[in-house]
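Colleague: give the three-dimensional model of this entry:
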Amino acid sequence: MAKEDYDQLGQDIFQHVGGKENVSKLIHCMTRVRLTLKDESKADLEELEALPGVLGVVEDETLQVVVGPGKVNKVAQSMVDSVGVKLGEDFPGQNQTPEDNNLNEQTDQNKAAAKQKYNKPNKFKNILKSLANIFVPMIPALVGAGIIAGVASILQNLLTAGTLTGDTMTQLVTVLNVIKNGLFTYLAIYTGINAAAELGATPALGGTVGAVTLLSGVTTDTTIQNLFNGQELAAGQGGIIGVIFAVWLLSLVEKRLHKWVPDSVDIIITPTLSLLAIGLATIYLIMPIAGVVSDGLLQFINVVLDVGGPVAGFVLGALFLPMVMLGLHQILIPIHLEMINQMGSTPLLPILAMSGAGQVGAAFALWLFLRKDDKQSGLIQNIKGALPVGLLGVGEPLIYAVTLPLGRPFITACLGGGIGGAVIGMLGHVGSIAVGPSGWALIPLIAHNKTLYYIIGLVAGYIGGFILTYFFGIPKELKREAQTVTSPTTTASTVTNETPTVAHTEAFEIKAPAEGQLINLDNVPDEVFSTGMMGQGIAIQPSNGEIFSPIDGTVQPIFPTKHAIGLVGEQGAEVLIHMGLDTVNLEGKGYDILVTEGQTVSAGEPLVNMDLQAIQSAGYQTITPVILTNSADFEAVTTQAEQTVEVGDVIIQVNEP
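Modeller: The predicted structure follows:
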């Protein structure tokens, strides 16, 4: 259904419920637009139910117009947009009561709480997703400042090489550097603010923790010693990853203190103790540990350099980006300077520059693979914005907004950089006469007329990162989505109840997502399910709150209030698990989501933990319908008789045409 059709359906619904002026409030759940009417007698339910796109109408405390998952959020949003309010807000002319919370704000709080609760080290995909959430808001600034930094670097390198001269050009470079330093000098602070917002801490405290790593106020006369080796701490030690780790600790401490500290002094005690504890931990633990790691890494690099050749080039080219992320690349500056003093150039810098080439190649591969996938338009835009910056030698946008959040592409990009480094190491005698950024910006500084060798290395890094990422680095869920878009043998619809474009060819089974008692749909006390409006299926009265995936497939979608989750199976099955009846009103209370939208899951993999007691205490039933929402696309859907089942028992059998 096109966007204008959603708009039209929304306006038609308004027309048949007595107009916008007869509606006092509008929200939606996983399948239904829920309207609170001033005068229910003005609603023409017969005409409303006959509207194209309306699957059914339910009269309850609110008037529920069933339009189906995937459509309901678009229709509801169009309706409130046309009135000029937000979901859950009173329509114009209504009196707001303290109990009328903004649904969007509550949803944001629920989502933030879920992210914080499950952002643990053993939840690798959640960590990567949180990294993306931290850095994606900074993309415009990273791209803009990155391009300015790249231009300034090229001009500075041309000045250093003697190709350009003049005070005016020097002044221009200074001005450009002042502009770009507004971001990159204080990147730790911006990262701390965004990380705190993502992890549920106070953003201002997160920014302050990031600023701690800059060691403001420390001078050559007033230094801070590393507790582990007695050396002086260096500003930036620990890098951006250290800042994020420190803010994660801040979120844990701050939330505990909010629970323990009396409300009357919370505004004083909690931020003071949180900042003091995490500030001390950052200075005396996180930064020193990074310093110890840097010492060991320095010794390792010396050993690698002694080996020399392609092997050294590959190792250094592949490992440089992880060093940058941990803030350890600063330890290489003295090595570069000593090499320049002794040999007139540093052969180490061109090798390390290949790591950026691997990132560029990986980004090109991702763009080529996903360019037709509308669901990844945001990622594609990030790639387009970050690529020019990466070519100029500024890698942060590509690392933090593209490859690292996806996991695999970061690894293949590093290996691609290793290939470029191996080529430079094999060619040999490629050095830089000064320390500068990588990418194209380093070309003016290449010594002894070896510019062609450096360009060959860059091209090798581009090609290596591209090939490794295209064939081995695309995450499985992105492959699945891209194949869905391009393959003529796969349905293009997700959980939208739209007509699929192809026929299915195999029978399959849907398994019990929970242990408990099966209930036929016609015995479910909710006519949206009992009348089959949403499709065929069965329900379970769960005996515990653990909900598992009933099929192999992809999570799509998760409703913001967490009471319903959709899955798209490999055979095109669109399965809806609706956990409880009318539980949208709980606004997420009692549900812990263990997966993310777009995540690939196997049958039997945990999806959700329900707090059955909390849900029942709130006055809601925990009956959980399991619906094949596109059951009309299949020849026959057979459900099991009412009985007790265990997780993994077959409850629905589907035969395809």
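Colleague: how many neighbours does the nearest residue to P137 once chain neighbours are set aside have?
Modeller: In this structure, P137 finds its nearest non-sequential neighbour in N194, 5.9 Å apart by CB to CB, 6 or more residues apart in numbering. Heads up, the C-betas are built off the backbone N, CA and C, glycines and all. The local packing of N194 (other CB atoms under 10 Å) involves 22 other residues.
Colleague: now do I456
Modeller: Counted with other CB under 10 Å, I456 comes out at 17.
Colleague: you'd agree it is in a helix?
Modeller: Yes: looking at I456 with DSSP: H, G, I helix; E, B strand; the rest coil, it is inside a helix.
Colleague: so it sits right up against V430, yeah?
Modeller: No: in this structure I456 lies outside contact range of V430 using CB atoms under 8 Å: 9.3 Å.
Colleague: what about the residue nearest to P137, distance to A161?
Modeller: Distance from N194 to A161, counting by CB to CB, to the nearest Å: 38 Å.
Colleague: V650 now?
Modeller: 72 Å.
Colleague: could you do E515 as well?
Modeller: From E515 to A161 the distance is 72 Å (CB to CB).
Colleague: same check on G580?
Modeller: Distance from G580 to A161, by CB to CB: 69 Å.
Colleague: which intervals of the stretch 351-500 of the chain have sub-threshold pLDDT?
Modeller: 374-375, 377-378, 436, 477, 480-500 (pLDDT under 70).
Colleague: again, only using 50
Modeller: 484-500 (pLDDT under 50).
Colleague: and for the stretch 1-150 of the chain?
Modeller: Judged by pLDDT under 50, the stretches of the stretch 1-150 of the chain that qualify are 1-4, 95-122.
Colleague: all helices of it, in order?
Modeller: 3-16, 45-49, 72-83, 103-118, 124-135, 139-161 (DSSP state H, counting those that start in this stretch).
Colleague: helices or strands up against the longest one?
Modeller: Same thing as helix 139-161. helix 167-184, helix 377-391, helix 396-398 (3 or more CB pairs under 8 Å, 6 or more residues apart in numbering; DSSP states H and E).
Colleague: as CSV, could you dump the C-alpha coordinates of that helix?
Modeller: What follows is helix 139-161, C-alpha atoms only, in CSV (Å, rounded to 0.1, in the frame of the first residue of the first chain):
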residue,chain,number,x,y,z
ILE,A,139,27.5,11.4,11.2
PRO,A,140,26.7,14.9,9.8
ALA,A,141,29.3,16.5,12.0
LEU,A,142,31.9,13.7,11.3
VAL,A,143,31.3,14.0,7.5
GLY,A,144,31.5,17.8,7.5
ALA,A,145,34.5,18.1,9.8
GLY,A,146,36.1,15.1,8.1
ILE,A,147,36.0,16.7,4.6
ILE,A,148,37.4,19.9,6.1
ALA,A,149,40.1,17.9,7.8
GLY,A,150,40.9,16.1,4.6
VAL,A,151,41.3,19.3,2.6
ALA,A,152,43.3,20.9,5.4
SER,A,153,45.6,17.8,5.5
ILE,A,154,46.2,17.9,1.7
LEU,A,155,47.0,21.6,1.8
GLN,A,156,49.3,21.1,4.9
ASN,A,157,51.1,18.2,3.3
LEU,A,158,51.6,20.2,0.1
LEU,A,159,53.1,23.0,2.3
THR,A,160,55.3,20.6,4.1
ALA,A,161,56.5,19.1,0.8
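Colleague: now do the buried residues in that helix.
Modeller: 139, 142-143, 145-161 (16 or more other CB atoms under 10 Å).
Colleague: and if you look at the second one?
Modeller: When neighbours are counted by 16+ other CB under 10 Å, the buried residues of helix 45-49 are found to be L48, E49.
Colleague: one more: the first one?
Modeller: Judged by neighbour count (16+ other CB under 10 Å), helix 3-16 contains these buried residues: Y6, D7, Q8, L9, G10, D12, I13, F14, H16.
Colleague: quick one: which of those residues is nearest L607?
Modeller: Y6 (28.1 Å; CB to CB).
Colleague: gap between that closest one and G309?
Modeller: Distance from Y6 to G309, by CB to CB: 62 Å.
Colleague: just the element for I510, please.
Modeller: Assessed by DSSP states H and E, I510 sits inside strand 508-511.
Colleague: for that strand, which strands pair with it and how are they oriented?
Modeller: strand 650-655 (antiparallel) (DSSP bridges).
Colleague: distance from the strand it pairs with to the middle of the chain?
Modeller: With CA atoms, centre = their mean, to the nearest Å as the basis, strand 650-655 stands 34 Å off its chain's centre.
Colleague: check which residues of it are buried.
Modeller: I651, I652, V654.
Colleague: hmm, who's touching it?
Modeller: 507-512, 518, 536-538, 540, 550, 571, 573, 626, 628, 631, 634-640, 645 (CB atoms under 8 Å, 6 or more residues apart in numbering).
Colleague: now do 6 Å
Modeller: With contact meaning CB atoms under 6 Å, 6 or more residues apart in numbering, strand 650-655 is reached by 507-512, 538, 634-640.
Colleague: ditto for stretch 131-144
Modeller: Taking CB under 6 Å, 6+ apart as the rule, stretch 131-144 contacts 183, 194-195, 198, 382, 385, 389, 396-397, 400-401, 404-405.
Colleague: do the same with stretch 43-62
Modeller: Defining contact as CB under 6 Å, 6+ apart, one finds that stretch 43-62 is touched by 9, 12, 16-18, 34, 36, 64-68, 527-528, 533.
Colleague: which residue ranges of the stretch 401-550 of the chain form helices?
Modeller: 404-406, 408-427, 451-468, 476-486, 527-530.
Colleague: and the longest one, how far from the chain's centre?
Modeller: Taking CA atoms, centre = their mean, one finds helix 408-427 lying 26 Å from the centre of the chain it belongs to.
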